[in-house]
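Engineer: Kindly generate the corresponding structure for this input.
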Amino acid sequence: MNNEDILTEHGIKPTSNRLLVLRALDNSCRPLSISELEDMMPSLDKSSIFRTLTTFRDHRLVHVIEDGGDSLRYELCHCDAHKCDDDVHAHFYCEKCNRTFCLTDVPVPTIELPDGFVMRTANYLIKGICDECCDAKP
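Structural biologist: So this is what the prediction gives:
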């Protein structure tokens, strides 16, 4: 499926800015902050990127990750646009390089909620030092 089809499937009108942001997220191997996206796309200003990400979030195209650092991170959601979130996975925040990584192969515990509570999303975050920073010379 091409990027225009992905946007249309999620009820989002394909514009050039939205396609640029979608392409950047799709090409990334990890969740990105607005600042990182801004560095990757100098033709877009921060407010345009923020508006695009807000639209993507509202239409269930991205996950918003609270990384425990100073910013939110965004990654593409790989679940159906109209179903509840079945793309739950853990994330790792490196306290040295401030990058956030998806840990899709790490099992996420099942949480039993009290009666009447309904989970819409979860943020499983592990903090520490990533493999690249552990191997780096001081």
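Engineer: which residues are in contact with stretch 10-27?
Structural biologist: For stretch 10-27, the external contacting residues (Cβ atoms under 8 Å, 6 or more residues apart in numbering) are 3-4, 6-8, 32, 37, 40-41, 43-44, 48-49, 52-53, 55-56, 59-62, 74-76, 81. C-betas here are computed from N, CA, C, even on glycine.
Engineer: Check the secondary structure at the residue nearest the centre of the chain for me.
Structural biologist: With distances taken as Cα atoms, centre = their mean, residue 75 lies nearest the centre of the chain, 2.0 Å away. Secondary structure, DSSP: H, G, I helix; E, B strand; the rest coil: residue 75 is strand.
Engineer: returning to that earlier point: now restrict the contacts of stretch 10-27 to buried residues only.
Structural biologist: 6-7, 32, 37, 40-41, 44, 48-49, 52-53, 55-56, 60-62, 74-75 (16 or more other Cβ atoms under 10 Å).
Engineer: Cross the contacts of stretch 10-27 against strands and list the overlap.
Structural biologist: 62, 74, 75, 76 (DSSP state E).
Engineer: May I see these organised as CSV, with pLDDT and distance to residue 96 added?
Structural biologist: Converted to CSV, the ones in strands among the contacts of stretch 10-27 look like this (pLDDT from 0 to 100; distance: Cβ to Cβ, whole Å):
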residue, pLDDT, distance to residue 96
62, 90, 26
74, 92, 22
75, 89, 21
76, 89, 26
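Engineer: In those residues, find the pair that's most separated.
Structural biologist: Using Cβ to Cβ, these span at most 8.2 Å, a distance reached by 74 and 76.
Engineer: Could you report the pLDDT at residue 78?
Structural biologist: pLDDT, residue 78: 66.
Engineer: How about residue 102?
Structural biologist: pLDDT, residue 102: 83.
Engineer: Between the two ends of stretch 14-33, how far is it?
Structural biologist: One end of stretch 14-33 sits 22 Å from the other (Cα to Cα, to the nearest Å).
Engineer: Where does the prediction get shaky in the protein?
Structural biologist: 69-70, 78-87, 137-138 (pLDDT under 70).
Engineer: need the helices for it, in chain order.
Structural biologist: With DSSP state H as the criterion, the chain has helices at 3-9, 16-27, 34-40, 46-58, 131-135.
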